[in-house]
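> A structural model of the following input is requested.
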Amino acid sequence: MLSDLQSPDDLTWGSPRQKYRVAIIHDWLATFTGAERVLEQILKLYPGADVFCLVNHLPQADRSFLEGHEVMTSWLQKAPLSRKHFRKYLPLMPNLIEEFDLSAYDVVISSSWAFAKGVLVGAAQPHISYIHTPIRYASQLKFQYLEQSNLQSGLRSLYVRYVLHKLRSWDNGTMHSVDRPIANSRYIAQRICKTYRRAADVIYPPVDIDRFPPCMEKEDYYVAVSRLVPYKRMDLLVKAFAAMPDRKLVIVGSGPDYDKLKARATNNVTLLGFQPHDKMLEAMQKAKAFIMPAEEDFGIVMAEAQAAGTPVLTYSRGGAPEILQLDSNKTPTGLLFHEQSPDAIVQAVEVFETRQADYAPQACHANAKRFHPTAFRRQFAASVDQTLSQYGLVSGGSARTVPSGAAGTPCA
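Numbering: from 1, shown residues only. Coordinates of the predicted model:
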């Protein structure tokens, strides 16, 4: 089985396992962000796999990680206005994901934050699903979504609420076909338990720490790197630093909130907009600390900041506590604030200023090494290995039996 191989980089479906056909399902390909980095590492494990997604609108420059894998899409790929507005087809997506015929494949792997785990599989097809989050806009972010879309009242609001209700019901049913759910953090595992009543493995997403070398010399400013959208709560940072005119803040990123934040920013707050990797890295490396006020499912950018040798100040809910080294017996790599408010951020900055010497860049970088892509591949392959053994898919064999006690049992 997979565990028989000698190193994480050797964990591929080579001979004699080539007889097993692998289908990898991803929600959609539109940008290269955290979910696509997970997909990239899964593809390294299974180079012979085929990829299925609702649409593939990745810019050509971002497609190199696919490395020749064939990508099958739904009819949404050619639908009117699909390239810019495919999300408007959301009510149709459950049906579209179920239209993929996977009957020719021995193993199904989904990378899902919305629809991918809803593919139809047979009784003898093991289905391993890496779940980035239960579908947000139909559950915990429903009311925020309605507010941001100006759908709090009226006939359109009634229609959208009905669609989200049906989507939530469909989403709950999709977990029946998942043999082994895998969460990207303990925080998401708790949400999976709450939403689906299923226990999940926890495998942290891969962080390309080699692209974020540490810098030991720090300058006198704080940094935030983020998409400028409401739930990232960059507005709280702008308000907090308005109350600290002697502290400097640099915000890297673009998004619909850019103009609003720019208008509110005081002289000590600089918005750089989108920056290429080298410029973003320099801003991250040289900052005295990285600040993230959002509640993140995991927070890859915080792990990248740690790799760059930069301490992190962040909100205590979400995946952030799992990223930082907070053990009082070890060198700390960040600190938490417990409210999403300007006052809480101000207090966190003041505490950090008094203890800055305690946060060593070397400790931050060392802490980030546990998120290296090789660790992800090793752990993910082991989870797949265990699932295949339950189905009797063993090295050189062809027996298939439906497991009587599959992983992903009801959670407590």
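> Which neighbouring elements make contact with the helix or strand containing P181?
Assigned by DSSP states H and E, P181 belongs to strand 180-183. Where contact means 3 or more C-beta pairs under 8 Å, 6 or more residues apart in numbering; DSSP states H and E, strand 180-183 is packed against strand 127-131, helix 186-196, strand 201-202, helix 373-390. C-beta here means a position set from N, CA and C on the backbone, and glycine is covered the same way.
> Now do the host helix or strand of I291: everything it contacts.
Per DSSP H and E: I291 is located in strand 289-292. Strand 289-292 is contacted by residues 222-226, 237, 249, 284, 299, 301-302, 305, 310-315, 320, 334, 345, 348-349, 352, 356, 359 when judged by C-beta atoms under 8 Å, 6 or more residues apart in numbering.
> Mark which of those are buried, thanks.
Buried members of these, counted by 16 or more other C-beta atoms under 10 Å: 222-226, 237, 249, 284, 299, 301-302, 305, 310-315, 320, 334, 345, 348-349, 352, 359.
> re the thing from before, okay, the helices and strands packed on strand 180-183, which one's buried deepest?
Among the helices and strands packed on strand 180-183, ranked by average contacts under mean count of other C-beta atoms under 10 Å, first place goes to strand 127-131 (a mean of 27).
> can you give me the end-to-end distance of stretch 280-295?
Using C-alpha to C-alpha, to the nearest Å, the end-to-end distance of stretch 280-295 comes to 22 Å.
> just for this protein, where's the confidence low?
1-19, 137-138, 140-141, 145, 148, 394-408, 412 (pLDDT under 70).
> now the helices for it?
Under the criterion DSSP state H, helices of the chain are mapped to 34-45, 82-85, 93-98, 142-148, 155-174, 186-196, 234-242, 258-264, 277-286, 300-307, 320-323, 342-355, 361-368, 373-390.
> Go through these and pick out the most buried.
helix 300-307 (a mean of 26).
> now for that helix, which elements pack on it?
strand 222-225, strand 289-292, strand 312-315, helix 320-323, helix 361-368.
> Quick one: the ones you listed as TSV, columns for distance to S169 too.
Formatted as TSV, the helices and strands packed on helix 300-307 follow (distance: least, C-beta to C-beta, whole Å):
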stretch	distance to S169
strand 222-225	37
strand 289-292	33
strand 312-315	31
helix 320-323	31
helix 361-368	40
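> now for these, which one comes closest to D201?
helix 320-323 (14.2 Å; C-beta to C-beta).
> Quick one: list the elements packing against the closest one.
Helices and strands touching helix 320-323, by 3+ C-beta pairs under 8 Å, 6+ apart, are helix 300-307, strand 312-315, strand 334-337.
> got the domain boundaries for this structure?
Following automatic domain parsing, the chain resolves into domains at 2-206+372-390, 209-370.
> Reformat those domains as JSON lines; add distance to C411.
Listed next are the domains of the chain as JSON lines, based on distance: least, C-beta to C-beta, whole Å:
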{"stretch": "domain 2-206+372-390", "distance to C411": "4"}
{"stretch": "domain 209-370", "distance to C411": "18"}
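> Could you say which one of those domains comes nearest to T409?
domain 2-206+372-390 (5.5 Å).
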